[in-house]
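Chemist: Sequence and computational prediction follow.
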Amino acid sequence: MSEPMPFPEPPAPEPPAQPGGWQDLPVAEQIASWERAVPGSAERMLRQIEAEYEHRRWLDRVEIRFRIAGAVLAAFGVTGLLWTAKYLVDQGEPVAGAGLLGSGVVALSGLVMARDRSRR
């Protein structure tokens, strides 16, 4: 009996090109042709490229702040979950404490997995 033929692996998707940066700067011939067509246009276009670069840097800083805020909020949530479960166990309700802790772990795991899956 022969082995089944393996399925070919799909090609890995190429990462999207990151727009912006120094690779977006025009070459000298392009700048000269812009200046011949419309005087002052090269300066305007370079200002737009610089403004876009600064905007991207600002967006990166905002994203970092949101990530830090999310990590702090998650830490407080986990701490609250643990304290509440401990309180329930101390009050003689270990089943309720275990249920709360287990459901919280499942919910947080689902959030982390959904976030990781959406990035692919």
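Modeler: Yep, it's here.
Chemist: Mind naming the longest helix for the chain?
Modeler: helix 41-90 (DSSP state H).
Chemist: That helix - contacts with which helices or strands?
Modeler: Under the contact definition 3 or more Cβ pairs under 8 Å, 6 or more residues apart in numbering; DSSP states H and E, helix 41-90 sits against helix 28-37, helix 94-119. Yep, even glycine has a C-beta here, placed from its N, CA and C like the rest.
Chemist: Turn the ones you listed into TSV, columns for mean neighbour count.
Modeler: TSV is the format used below for the helices and strands packed on helix 41-90 (neighbours: other Cβ atoms under 10 Å):
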stretch	mean neighbour count
helix 28-37	12
helix 94-119	12
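Chemist: These: which one's closest to residue 78?
Modeler: Distance to residue 78, taken as Cβ to Cβ, is lowest for helix 94-119 among those, at 7.2 Å.
Chemist: Distance from the chain centre to that closest one, please.
Modeler: 21 Å (Cα atoms, centre = their mean, to the nearest Å).
Chemist: Who are the packing partners of that helix?
Modeler: Taking 3+ Cβ pairs under 8 Å, 6+ apart as contact, the helices and strands that helix 94-119 lies on are helix 41-90.
Chemist: could you give the angle of the helix it packs on to helix 94-119?
Modeler: 160 degrees (axes from the mean of the first three to the mean of the last three Cα atoms, to 10 degrees).
Chemist: what angle sits between helix 41-90 and helix 28-37?
Modeler: 120 degrees.
Chemist: average model confidence for helix 41-90?
Modeler: In this model, helix 41-90 carries a mean pLDDT of 91.
Chemist: Same check on stretch 109-120?
Modeler: Averaged across stretch 109-120, pLDDT comes to 77.
Chemist: How far off centre is that stretch?
Modeler: So, by Cα atoms, centre = their mean, the centroid of stretch 109-120 is 11 Å from its chain's centroid.
Chemist: Please apply the same query to stretch 80-97.
Modeler: Its chain's average C-alpha position is 34 Å from that of stretch 80-97, according to Cα atoms, centre = their mean.
Chemist: Sounds good, over and out.
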